[in-house]
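1. The amino acid sequence is not available; the structure is as follows:
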């Protein structure tokens, strides 16, 4: 394969485009060490070294470093690695490695997320948030059931009453317009209308 383009990226990285239109991102020093130049042939030996040694190791370290700072879902780690131009098979290897290290666990992530945010978010909002983070619906449902069974899930009616207090809503003096505004606010927070009506 021919190196058709080398683009400078922040942090001393270089994005290499090959003649088959695939992309590889390496550091400037690695290009020098591997003798990679634009418009020149990339030897099979060098390509093999990049794909079997350099990139797999870096993808695993990148994933682990991200998880040292905060929790991520599998989908989020995958997206970060895609942004780094890692090939799909190397991303798959890195994800499996991180899972084997017990550092990546969507079910555990869901449980922690639900326990932490259930005092301020509806179940529907929690579910929507986790779906946006790329978590499978069945994992979310299992985590919800587990948190409910542990008694760690805030009752939605109790949560609505807290939000009503926070908004200084007085049921006795509230006008029709006040009620409608509060209903719209709570519905926007993800609560179903039956639960809202019971509380208002």
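-> In hand now; what should we look at? Values in this document were obtained by computation on a predicted structure and should not be read as measured data. Numbering: from 1, shown residues only.
2. hey, let's count contacts and neighbours off CA atoms from now on
-> Will do.
3. Show me the domain layout of the protein.
-> Domain segmentation of the chain under automatic domain parsing yields 3-100, 106-149, 156-199.
4. Output the ones you listed as TSV; include the columns mean neighbour count and mean pLDDT.
-> Formatted as TSV, these follow (neighbours: other CA atoms under 10 Å; pLDDT from 0 to 100):
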stretch	mean neighbour count	mean pLDDT
domain 3-100	16	95
domain 106-149	17	94
domain 156-199	14	88
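5. could you pull out the helices for this protein?
-> 28-34, 44-49, 55-69, 74-83, 88-100, 106-117, 123-132, 137-149, 156-166, 176-188, 193-199 (DSSP state H).
6. Can you lay out those helices as TSV showing distance to residue 11?
-> Listed next are these as TSV, based on distance: least, CA to CA, whole Å:
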stretch	distance to residue 11
helix 28-34	9
helix 44-49	22
helix 55-69	14
helix 74-83	14
helix 88-100	21
helix 106-117	30
helix 123-132	29
helix 137-149	37
helix 156-166	45
helix 176-188	42
helix 193-199	51
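7. out of these, which comes closest to residue 20?
-> Among those, helix 44-49 comes nearest to residue 20, with 12.8 Å by CA to CA.
8. Distance check, the residue nearest the centre of the chain against residue 82.
-> Closest to where the C-alpha atoms of the chain average out (CA atoms, centre = their mean) is residue 76, at 2.9 Å. Using CA to CA, to the nearest Å, residue 76 is found at 10 Å from residue 82.
9. Please apply the same query to residue 19.
-> Counting by CA to CA - residue 19 and residue 82 are separated by 20 Å.
10. my read: the residue nearest to the centre of the chain touches residue 131, true?
-> No - contact criterion CA atoms under 8 Å: residue 76 and residue 131 do not qualify, at 11.3 Å.
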